[in-house]
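Visitor: Starting from these lines, generate the structure:
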Amino acid sequence: MRTRNEITSPYMNDELDNEEWYQNATLALDVISLGGASASGLMTVRGIKLLRSQGITTRRALEGLSRQERRRLSREIARSNASGISNQTLKVMERAGKIERRFSNAAIKKTTMRQIKDSIGATLSFTGSATSGALGTLAVAVVSEE
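Guide: Just a heads-up that it's a prediction; the model follows:
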């Protein structure tokens, strides 16, 4: 809507920007967006740490892993999701089909690509917020408190 307004009648955006309800709504949406970007960023960091703990680079994850690497990675994912799980419990859960014995290369590639896209989106969200949104407002509020 703002883009259309900017093309057809830019003064409408100026009027909206001066409205208190619009400023509050924009700030609220920006904070919600930052929350999602933060969660996405944390999941990406967790995924990268998990790959690195197995000695797997992002490039290798995208190219494809050997059967043994996929098995080891699957077990490590199960362990990270249920900390403190014993080897015996892990084996029982695998046999029962509660957890994957071995993720496919396609699933690993899809998840890795999703994490890359999420990290790019999170970066763009933080950048946009830092330049004109909630982070900029927060930074001004912190500086003015001192």
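Visitor: what's the distance between the residue positioned nearest the centre of the chain and residue 113?
Guide: The geometric centre of the chain, computed from its C-alpha atoms, lies nearest to residue 40 (C-alpha atoms, centre = their mean), at 1.6 Å. Summarising the geometry, the distance separating residue 40 from residue 113, computed by C-beta to C-beta, to the nearest Å, is 14 Å. Where you see a C-beta, it was placed from the backbone N, CA and C, and this is true even at glycine.
Visitor: Remind me what the one helix or strand residue 95 maps to packs against, helices and strands.
Guide: In this structure, residue 95 is located in helix 87-96 according to DSSP states H and E. In this structure, helix 87-96 packs against helix 67-81, with contacts taken as 3 or more C-beta pairs under 8 Å, 6 or more residues apart in numbering; DSSP states H and E.
Visitor: Counting by contacts, list what the helix it packs on packs against.
Guide: helix 20-53, helix 87-96, helix 105-132.
Visitor: Show me what it is in contact with.
Guide: Residues outside helix 67-81 that contact it (C-beta atoms under 8 Å, 6 or more residues apart in numbering) are 46, 50-51, 53-54, 56, 65, 85, 90, 93, 99-105, 108.
Visitor: Can you get me a residue count around residue 94?
Guide: Residue 94 has 17 neighbours, counted by other C-beta atoms under 10 Å.
Visitor: Next up, the contacts around the residue nearest to it when sequence neighbours are not counted.
Guide: If the residues on either side of it in the chain are set aside, residue 94 comes closest to residue 101, at 5.0 Å by C-beta to C-beta, 6 or more residues apart in numbering. Applying C-beta under 8 Å, 6+ apart, one finds that residue 101 lies in contact with 71, 74, 94.
Visitor: Having no further points to raise, I will conclude here.
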